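Undergrad: just coords:
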């Protein structure tokens with residue numbers, strides 16, 4: 001793959017200000033830090049040096065809080081600073097994952113052999129390190145298109161996948177094209193040992209741009225809904241459960257039966273959970289094992305459930321084009337999210353989901 005940045009062929013998303021999308025900004029840092037710190041750290045610049053490829057430590061680099069003067073994005077918490085997305089492994093071999101607890105959005109995406117991977121998006125708070133970073137998929141192109149020309153870190157991918165990514169709107173940061181911003185942790189086995197250094201990755205991307213409008217809105221819960229404290233679904237070889245913790249006003253993430261936590265022990269919580277039912281088909285792309293890559297359709301419309309505050313609302317999602325935001329609605333109401341990370345489960349149509 002060439003290291004030359006691709007020429008984008010997708011339209012840029014609108015940069016309009018949406019006041020409704022700003023409702024959850026205040027208190028996000030406190031919500032994200034619940035249970036591990038009494039107050040967010042003061043803004044600092046990341047000065048950590050990247051470990052060498054023979055490093056035996058995966059000690060996380062402290063997160064940095066970025067103050068900006070740019071106009072706030074329509075997407076709450078992405079406040080005008082750089083945006084970094086990355087593909088993170090979601091199997092037991094990748095535990096403990098690094099930097100996931102600080103992600104603003106986490107997409108749980110089906111991949112080959114019934115497994116899933118995480119597409120994480122960071123901006124309001126940037127971890128020092130992220131990983132393990134794995135290969136991208138064709139679905140990532142459409143998932144990221146309405147965020148704007150943001151940086152996307154990944155490691156590996158078939159020729160067909162790389163070609164699809166190069167045609168997308170994001171700035172590709174491939175470990176195969178250049179190792180700048182990546183290192184291999186000595187105490188993890190390949191291919192689960194690729195760790196990204198966020199400052200170096202953003203510098204390599206030219207700083208990225210302030211985000212577009214992926215569609216999430218934050219604010220008070222709409223009327224209605226039903227009591228619900230648990231949501232769970234299983235792919236062929238991957239399972240996710242989220243249980244509501246009323247004391248934290250958040251949903252504890254459990255993956256394949258194991259409560260998920262970061263490398264420093266920080267547990268993973270979601271402020272809101274979106275179950276987005278999507279068509280999934282087998283693409284023409286075949287991996288090294290001869291397995292076709294699933295392609296999730298995230299442009300169109302379909303049913304969705306949104307869980308927040310110990311309740312569930314059953315509604316719909318819709319997105320008219322790659323550049324358009326995804327709208328979540330319950331009848332005539334916009335389905336607003338609670339403050340804190342949003343976890344989006346891309347569930348194939350017909351797959352069972354337990355909500356109780």
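TA: Noted; the coordinates are in hand. Quantities reported herein were computed from a predicted structural model and do not represent experimental measurements. Residues are numbered from 1 along each chain as shown.

Undergrad: Could you measure from residue 288 over to residue 135?
TA: 11 Å (CB to CB, to the nearest Å). Placement of C-beta: from N, CA and C, glycine included.

Undergrad: More neighbours: those two, which one.
TA: Legend: neighbour count by other CB atoms under 10 Å for residue 288 and residue 135, higher for residue 135 (23 against 7).

Undergrad: which residues of the stretch 51-200 of the chain score low on pLDDT?
TA: By pLDDT under 70, the low-scoring segments of the stretch 51-200 of the chain are 51-80.

Undergrad: show me what contacts the residue nearest in space to the middle of the chain?
TA: A centroid search over the chain (CA atoms, centre = their mean) returns residue 120, at 2.3 Å, as the residue closest to the centre. Remark: with contacts taken as CB atoms under 8 Å, 6 or more residues apart in numbering, residue 120 is in contact with 85-86, 88, 99-100, 103, 105-107, 130.

Undergrad: Sort out which one of these lies nearest residue 246 for me.
TA: Distance to residue 246, by CB to CB, is smallest for residue 106 among the contacts of residue 120, at 21.5 Å.

Undergrad: unless I'm mixing things up, the closest one is touching residue 344, no?
TA: Yes: under the criterion of CB atoms under 8 Å, residue 106 lies in contact with residue 344, with a separation of 7.1 Å.

Undergrad: Secondary structure element holding residue 252?
TA: In this structure, residue 252 is located in strand 250-255 according to DSSP states H and E.

Undergrad: any idea which helix or strand comes after the strand or helix carrying residue 144?
TA: Residue 144 is part of helix 139-145 when elements are defined by DSSP H and E. Tracing the chain past helix 139-145, the next element assigned as helix or strand by DSSP H and E is strand 151-154.

Undergrad: For stretch 324-334, buried residues please.
TA: Residues of stretch 324-334 classed as buried by neighbour count (16 or more other CB atoms under 10 Å): 324-330.

Undergrad: I'd like these as TSV, with pLDDT appended.
TA: Rendered in TSV, the data for these read as follows (pLDDT from 0 to 100):
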residue	pLDDT
324	96
325	95
326	97
327	97
328	98
329	98
330	96
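
Undergrad: related to what we said a few turns ago, run the chain-centre distance for the helix or strand following the strand holding residue 252.
TA: Downstream of strand 250-255, the next assigned helix or strand under DSSP H and E is strand 258-259. Mean C-alpha position of strand 258-259 versus that of the full chain (CA atoms, centre = their mean, to the nearest Å) differs by 19 Å.
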